[in-house]
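Chemist: turn this into a structure:
(2 chains)
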Amino acid sequence: MESILQKNPGSYMVLKVEGSCRKFYELGIIPGSKITIISKNNQGPILIRVGNSKIAIGRGMARSIFVE
Amino acid sequence: MNEEKNIALIGQPNVGKTTLFNQLTGMKQRIGNWPGVTVEKKEGFFKLNDKNYNVVDLPGIYSLMSDSLDQKIARDYLIENPGATVIDVIDTPNINRNLYLTLQLIELGISPIICLNLIDEAEKFGIHINDQKLSEKLGLKVIRTSGRHKIGIDSLKDSVYTSEYRANPVTYSKLLENAIHKIDKKLEEGNYKISSTYQKLPKRWLSISLLESDPDVLKEFSKNLELMEFINNLKAEVENEIKHDVESYIVEQRYKKCDEILAGVMVNSELYEDIDTIVVHPVYGLVIFAAVLYLMYNFVFGVGELFSGIIGEFFEILGEYLLIILSESYSGIIVDGLLAGVGAVLEFFPMIFLIMFSLSTLEDTGYLSRVTALTHNIMSKMGLSGKSFIPLITAFGCSVPALMGTRFISSHKERLITLLITPLIPCSARFIIIGFFASAFFIESAVLFTMAILGITFGLLFLVSYVLSKFIKGDSEEYIFELPPYRIPDWKNIFKMTWEKSKEFLKKAGTIIALGSLLFYGLITYPSPDSNYAMVLGNILEIVTKYMGLDWRGAVSLVFGIFAKELVVSSLSILYPGNISDFISPLQAFVLTLVSVLYIPCIATIAAFYLETRSIKWTAFSISYNILLATFVGIMAYNIGKLIGF
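Modeler: Modelled structure (predicted):
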């Protein structure tokens, strides 16, 4: 299983989340939901889209979202 | 008296709730604080037919759990005001996630009026909702609104007046319902001693909250060990079946319900707009940010100076006129005391207004939240998070709202560091001091002078933050932040926000600064101008300040600055009538500026700091490290300056 930190921009399905789950859930990042990585640089937060909202996620947190 | 009804606006962040609130209540508003906390509470009023309505704008929240301050405030309001009509404002493009909050409201026994807000934005992008069907499914009144385009405001008011809807019961999976039912029964039989507010709430809600481990509800029941054990066993039972935790299971169930409700009701579409790949890019993004700041400062100081000149001239003419008409016994205190003090400060009102205006605009367009993502990497190097950036940038206006703005940083460590370093950012009052000395001593090199002061201040800020992050224990917060869509600013709202904030400044000029100037004039005039009370006080402080090259006058003005930093300028204008540059050297002016920017924040900031931390220890630490830092830097700057020949 790979986290979004290891993926390139594109759409994925969330398999599971770890750690501060409640924050993810509130923003609609739940197992089974579709997320799109919009941009990812060598440093700084990763931009993703969930539904019609855009979310910036720090690299540490990005490590706990597993997708396929 | 007419009947008065309470209305509460609730919704997730960035759903256009405040704009809707402004449309509902017009200018009839009152801004206060929620009891016991420094979170802003907005109330407004409107009247329809024979009824008066009192509208409360609850904080924007994602869910109704009691684990964050904002969420707790909103929830406690709903629990304590069961008679209030609740308007649930929904961001239509994100309706799925927003319905989650709606379901929680229904669990709490509330039948809210649903506002499909930003409906215009949604339809432009091809998202369509059949509001009739949605209304039938939920059993609730559904209204299409857009605060910005004044769509649906009247029908919203009408439905508040007339509607008596009852939400359809919401049920989840059999497994979950069984568990809820078991706790319901247990609560019914157990007759547990809980506060009367909790007693009035639906049992079903209490049961779900217990399953979800809601901190407040758990605390309420925690004394009943037998019940706690019952719930833990029940949770273990359910978890054994689903193979993961109950908390996430309940969340999944709610989302599943949202999907069910929206099936056949909504035509969805995805919005695309990828300018953010550039705006938060580590290189291009910073270039854009630098350009934005440069434009903003040019705007603030360029336009501001134009108006400052006019205000300055006005006070000069007024002073001359008063000197002629007032008898000599009054004219001293009025013209040299009150007018000199207040006038010197009011000259900077245009700058303050424009800074507030620019910050509100950047916030309203959505750009400010990009800046948090952009700066997160740099901020994390000094022990902070990108989220600290918004309070820090707010502090350029005033430290008090900036301190309040730290509460959405959930890591204790990062919040504390942000609270401690925020007072180091020069607020608009301190820009007045910088501006005052720049125009008196460094007209030719005002920019260089300002940059030098700011450079030293920021250097210290990074240093202090870095050092604190090594000493304060706790975990760093992981960064996760929603970026709202870019929007054309709602100018009406911006002007209103700007006016609210700058009004505070005018109030201060009319009260604390006016009184301070009068008191100050009294202190330097009595018992006699040549040996006065201010001198006595100043002479004591001079023991330290002489090492910074400041005599008793500088020392006294610093003491007055504690009440409001603007008073440093007022006091100096009274102490050195005419041109201050005839009295002190540019180096002394530089040191005085630097020290006044760094030492103790004003009284209002200290009070806000205490209210936010509720810790005398940290408040005392904050004050003392500021004084020590200012003293040390002041002495260093003066001696180095002398050494290199200034």
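
Chemist: would you point out which residue of chain B is nearest chain A?
Modeler: B:Y479 (3.1 Å; Cβ to the nearest Cβ). For the C-beta atoms, the positions are set from N, CA and C on the backbone; glycine is no exception.

Chemist: my guess is that residue meets A:A56, correct?
Modeler: Yes - using Cβ atoms under 8 Å, B:Y479 makes contact with A:A56 at a distance of 7.1 Å.

Chemist: ok, and the closest non-adjacent residue to the residue of chain B closest to chain A?
Modeler: Take B:Y479 and drop its neighbours on the chain: the residue closest to it by Cβ to Cβ, 6 or more residues apart in numbering or on different chains is A:G58, 3.1 Å away.

Chemist: show me what contacts that neighbour?
Modeler: A:G58 makes contact with A:P45, B:H376, B:S380, B:S385, B:G386, B:E478, B:Y479, B:I480 under the criterion Cβ atoms under 8 Å, 6 or more residues apart in numbering or on different chains.

Chemist: and chain A, which residues reach chain B?
Modeler: Within chain A, the residues that sit near chain B (Cβ under 8 Å from any Cβ of the partner chain) are A:19-28, A:30-33, A:38-39, A:41-45, A:47, A:49-58, A:60-61.

Chemist: among those residues, which are located in strands?
Modeler: A:I38, A:S39, A:L47, A:R49, A:V50, A:S53, A:K54, A:I55, A:A56, A:I57 (DSSP state E).

Chemist: find the closest residue to chain B in chain A.
Modeler: A:G58 (3.1 Å).

Chemist: for B:V335, see how far away that residue is.
Modeler: 57 Å (Cβ to Cβ, to the nearest Å).

Chemist: what's the answer for B:L598, then?
Modeler: Remark: distance between B:L598 and B:V335 (Cβ to Cβ) = 32 Å.

Chemist: so which of those two has more stuff around it?
Modeler: Between B:L598 and B:V335, counted using other Cβ atoms under 10 Å in any protein chain shown, the more crowded position is B:L598 (26 against 20).

Chemist: the more buried one reaches B:T457, doesn't it?
Modeler: Yes - in this structure, B:L598 is within contact of B:T457 by Cβ under 8 Å, at 7.0 Å.

Chemist: which residues do those two both contact?
Modeler: Shared contacts of B:L598 and B:T457, counting by Cβ under 8 Å, 6+ apart, come down to B:L424.

Chemist: contacts for stretch B:396-405?
Modeler: The contact list for stretch B:396-405 (Cβ under 8 Å, 6+ apart) reads B:38-40, B:352, B:355-356, B:359, B:390-392, B:394-395, B:419, B:422-423, B:425-429, B:431, B:501, B:504, B:601-602, B:604-605, B:608-609, B:612.

Chemist: which residues of the stretch 1-150 of chain B lie near chain A?
Modeler: Proximity of the stretch 1-150 of chain B to chain A (Cβ under 8 Å from any Cβ) is limited to residues B:Y62, B:S63, B:M65, B:D67, B:P93, B:N94, B:N96, B:R97, B:Y100, B:F125, B:I127.

Chemist: hang on, I meant chain B
Modeler: Those residues of chain B that sit near chain A, judged by Cβ under 8 Å from any Cβ, are B:62-63, B:65, B:67, B:93-94, B:96-97, B:100, B:125, B:127, B:247-248, B:251-252, B:255, B:270-271, B:274, B:276-277, B:280-282, B:372-374, B:376-377, B:380, B:385-386, B:478-485.

Chemist: in contact with residue 61, which residues?
Modeler: In the absence of a named chain, chain A is used. Taking Cβ under 8 Å, 6+ apart, we find A:M61 in contact with A:G19, A:S20, B:E478, B:Y479, B:I480.

Chemist: can you look at chain B instead?
Modeler: B:I61 sits in contact with B:I10, B:Q12, B:P13, B:S68, B:D70, B:Q71, B:A74, B:L101, where contact means Cβ under 8 Å, 6+ apart.

Chemist: and B:I90, that one's in a strand?
Modeler: Yes - B:I90 forms part of a strand when assessed by DSSP: H, G, I helix; E, B strand; the rest coil.

Chemist: give me the number of residues near it?
Modeler: Counted with other Cβ under 10 Å, B:I90 comes out at 28.
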